[in-house]
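*Asks:* Sequence and predicted structure are below.
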Amino acid sequence: MIVDDEREVRMVLYEAFNRQGYTVSVAENGSMALDMLERNPVDLVVSDINMPEMDGLSLLRTLQVKSPGLPVVLVTGHATVETAVSAMKLGAFDYLLKPLSQELMVETAARALAGSSVLHESVDVPVIKVKREAEKKKAIIGDDEKLARILQKAKSVASSKATVLVLGESGTGKEMIARCIHEESNRKEGPFVALNCAALPEGLLESELFGHEKGSFTGAVYTKKGKFELADGGTLLLDEIGEIPMHLQAKILRVLQEEEVDRVGGKAPVKADVHVVATTNRNLEEAVKNGEFRQDLYYRLNVIPLTMPPLRERKNDILLLARYFIDRYSKQYDKKIKKMSRTSCRRFLENSWPGNIREMENLVERAVLLSLTDELEPWDFWDEETDGADLDIFADFGSDGGDVFSVERQEANSGIVSLKDVERQMILQALQKTDDNRTHAAKMLGISVRTLRNKLNEYRNQGVIS
């Protein structure tokens, strides 16, 4: 993400990174950047320091809390020792001075994305580009019947020119279906071009979609092809198309109908042979009723609708996907491949997954990096204080065949023991085994420290323990 209040700087850096194969979004200040990052996380932030509303240092402070580990490169045209020291103390990856060299900016980005603070001779920006392109080719994992039907439809229409509209919640894999359509089509040797329509401000979005002629506006120092032209002979993915402003919707409709593009400042239309796949997590029918989306464009896009099922409706795929991500990130970070504990498996199956597959992927990556035990436990995926007070604390405890159910054995002759008694005995045994360390006892039980604390307070109020 490029964050700068100067339009020309945003455009120059956008072009520099875009040419290297990166997906780039831009924001005019820190506040806008934070709003955009909530919806679309990124791998790197390049931010100016002096900006209205929220400056670069304030943005860096906020990101250190909200997204620890996200590399931030600060740039400025008014360097001072104080700001440089502040930037480094706050954890900036680098601090660069304007005017910026595009080569230096790209090299810095490559270092940041590679996780190195030292520029080695072996750092090769094209290699980073190839790696990012390879990462995009991810498999579609799952045995769900709904997903299988969608894949079958996608393959059957792949070689047609019928516009495909992929619907579904965020994180359900809409972009992957679009890539599948391209790979299964007779255009697979052509380009696959993707544009996140929600990641760009209106002024830049028009230029990105349709291109511009040299001198058509301030900062247009050369003629540029838009995404429609760049995707000629291939597939164009318009991601989050529901966020496109109304006046640009009319221009998109004309391209779809006439198969030609009018560049900004252009004198004659340019032909573009493109298969368009659009995605959105919005209800476009509602948007049409509310006057926020053109009805004619909606009908033109909705020729082949495909609705991706949310993860909570793909119960049989949940553990399959978890296993896939565990294997993938274990190999990526050179970690031992571990299995999930029974408690974690049950938690995964019971979770509603509001962020769908993207949420699961992020949680698994975190667990692979943080896990210190033989199995992946709930506290590896979720914070201790938020890992779910409703977890079944009986699961996976005492698997060594120890004295977990000693209450049952001690009182076997007096009838069935209540679950509350067993629960209390398990908690007390966990505390005993961990020398009254509540954090370790909670981890052993598979519950949060807060849940354990509440249980102990309950026992004290009942006079069961002192």
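*Replies:* Perfect, thanks for sending it.

*Asks:* can you pull the contacts of P52?
*Replies:* Contact analysis of P52 by Cβ atoms under 8 Å, 6 or more residues apart in numbering lists 5, 29. (Glycine included, C-beta is placed from N, CA and C.)

*Asks:* before we move on, what SS does it have?
*Replies:* Three-state assignment for P52 (DSSP: H, G, I helix; E, B strand; the rest coil): coil.

*Asks:* can I get the CA coordinates of the helix or strand harbouring A278 in PDB?
*Replies:* Element membership of A278 [criterion: DSSP states H and E] is strand 275-280. Output of strand 275-280 as PDB, limited to C-alpha atoms (Å, rounded to 0.1, in the frame of the first residue of the first chain):
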ATOM      1  CA  HIS A 275     -13.300 -12.300 -20.800                       C
ATOM      2  CA  VAL A 276     -14.500 -10.400 -17.700                       C
ATOM      3  CA  VAL A 277     -15.000 -12.100 -14.300                       C
ATOM      4  CA  ALA A 278     -16.400  -9.900 -11.600                       C
ATOM      5  CA  THR A 279     -16.600 -10.600  -7.900                       C
ATOM      6  CA  THR A 280     -18.400  -8.900  -5.000                       C
END
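
*Asks:* The stretch 51-200 of the chain: helices as residue ranges?
*Replies:* Under the criterion DSSP state H, counting those that start in this stretch, the stretch 51-200 of the chain contains helices at 56-66, 81-89, 102-114, 125-136, 145-157, 174-183.

*Asks:* Which of those helices has the highest mean neighbour count?
*Replies:* helix 174-183 (a mean of 21; mean count of other Cβ atoms under 10 Å).

*Asks:* Could you list every helix and strand in contact with it?
*Replies:* Secondary-structure packing of helix 174-183 (3 or more Cβ pairs under 8 Å, 6 or more residues apart in numbering; DSSP states H and E): helix 145-157, strand 164-167, strand 192-196, strand 235-239, strand 275-280.

*Asks:* Is it possible to get JSON lines of those that adds mean pLDDT?
*Replies:* Listed next are the helices and strands packed on helix 174-183 as JSON lines, based on pLDDT from 0 to 100:
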{"stretch": "helix 145-157", "mean pLDDT": "91"}
{"stretch": "strand 164-167", "mean pLDDT": "95"}
{"stretch": "strand 192-196", "mean pLDDT": "90"}
{"stretch": "strand 235-239", "mean pLDDT": "94"}
{"stretch": "strand 275-280", "mean pLDDT": "95"}
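
*Asks:* Out of those, which gets nearest to L37?
*Replies:* Nearest of those to L37, taken as Cβ to Cβ: strand 192-196 at 12.7 Å.

*Asks:* Name the next helix or strand following that closest one along the chain.
*Replies:* Immediately after strand 192-196, counting by DSSP H and E, sits helix 202-210.

*Asks:* tally of neighbours for the closest residue to F293 other than its chain neighbours?
*Replies:* Spatial nearest neighbour of F293, excluding adjacent residues (Cβ to Cβ, 6 or more residues apart in numbering): A287 at 3.8 Å. Each residue near A287 was counted by other Cβ atoms under 10 Å, and the total is 16.

*Asks:* So A287 belongs to a strand, correct?
*Replies:* No - according to three-state DSSP, A287 belongs to no strand; its state is helix.

*Asks:* Quick check: it vs I244, distance?
*Replies:* A287 sits 11 Å away from I244, going by Cβ to Cβ, to the nearest Å.

*Asks:* One more: K331?
*Replies:* Between K331 and I244 the computed distance is 39 Å (Cβ to Cβ).

*Asks:* So between those two, which is more surrounded?
*Replies:* Neighbour count, other Cβ under 10 Å: between K331 and I244, I244 has more, with 24 against 11.

*Asks:* Now do the same contact list for the more buried one.
*Replies:* Contacts of I244 by Cβ under 8 Å, 6+ apart are 197, 205, 238, 252.

*Asks:* Can you select the buried ones from those in ChimeraX?
*Replies:* Buried residues within the contacts of I244, by 16 or more other Cβ atoms under 10 Å, are selected in ChimeraX with:
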select :197,205,238,252
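
*Asks:* How confident was the prediction at C345?
*Replies:* For C345, the pLDDT comes out at 92.

*Asks:* again, but for V3
*Replies:* At V3, pLDDT is 93.

*Asks:* And the one 5 residues further on, by the same measure?
*Replies:* At E8, the pLDDT value in this model is 80.

*Asks:* what about it, which helix or strand?
*Replies:* Assigned by DSSP H and E, E8 falls in helix 7-19.

*Asks:* For that helix, name the packing helices and strands.
*Replies:* Secondary-structure packing of helix 7-19 (3+ Cβ pairs under 8 Å, 6+ apart): strand 2-3, helix 102-114, helix 202-210.

*Asks:* mind running it again at 10 Å?
*Replies:* With contacts defined as 3 or more Cβ pairs under 10 Å, 6 or more residues apart in numbering; DSSP states H and E, helix 7-19 has these neighbours: strand 2-3, strand 26-27, strand 45-48, helix 102-114, helix 202-210.

*Asks:* Overlap in contacts, A287 and I244.
*Replies:* Taking Cβ atoms under 10 Å, 6 or more residues apart in numbering as the contact criterion, the common neighbours of A287 and I244 are 280, 293-294.

*Asks:* What separation do you get for P305 and D55?
*Replies:* Taken as Cβ to Cβ, the span from P305 to D55 is 44 Å.

*Asks:* ditto for S101
*Replies:* Using Cβ to Cβ, we find S101 at a distance of 23 Å from D55.

*Asks:* More neighbours: which of the two?
*Replies:* Between S101 and D55, counted using other Cβ under 10 Å, the more crowded position is D55 (20 against 11).

*Asks:* Downstream of the longest helix out of those in the chain, the next helix or strand is which one?
*Replies:* When the chain is parsed with DSSP state H, its longest helix is helix 315-332. Next helix or strand after helix 315-332 toward the C-terminus (DSSP H and E): helix 342-350.

*Asks:* That next one packs against which elements?
*Replies:* helix 315-332, helix 356-370, helix 378-381.

*Asks:* Can you mark which positions in it are buried?
*Replies:* Across helix 342-350, burial judged by 16+ other Cβ under 10 Å covers 343-348.

*Asks:* Below-threshold pLDDT in this protein: ranges please.
*Replies:* Along the chain, the parts satisfying pLDDT under 70 run over 79, 81, 115-139, 218-221, 384-419, 464, 466.

*Asks:* mind giving me the domain ranges of it?
*Replies:* 2-136, 145-309, 311-382, 389-466 (automatic domain parsing).

*Asks:* what's the span of the longest one, first residue to last?
*Replies:* According to Cα to Cα, to the nearest Å, domain 145-309 extends 10 Å from its N-terminal end residue to its C-terminal end residue.

*Asks:* what's the answer for the third one, then?
*Replies:* For domain 311-382, the first and last residues are 18 Å from each other (Cα to Cα).

*Asks:* what's the spacing between H78 and M51?
*Replies:* The gap separating H78 from M51 is 12 Å, by Cβ to Cβ.
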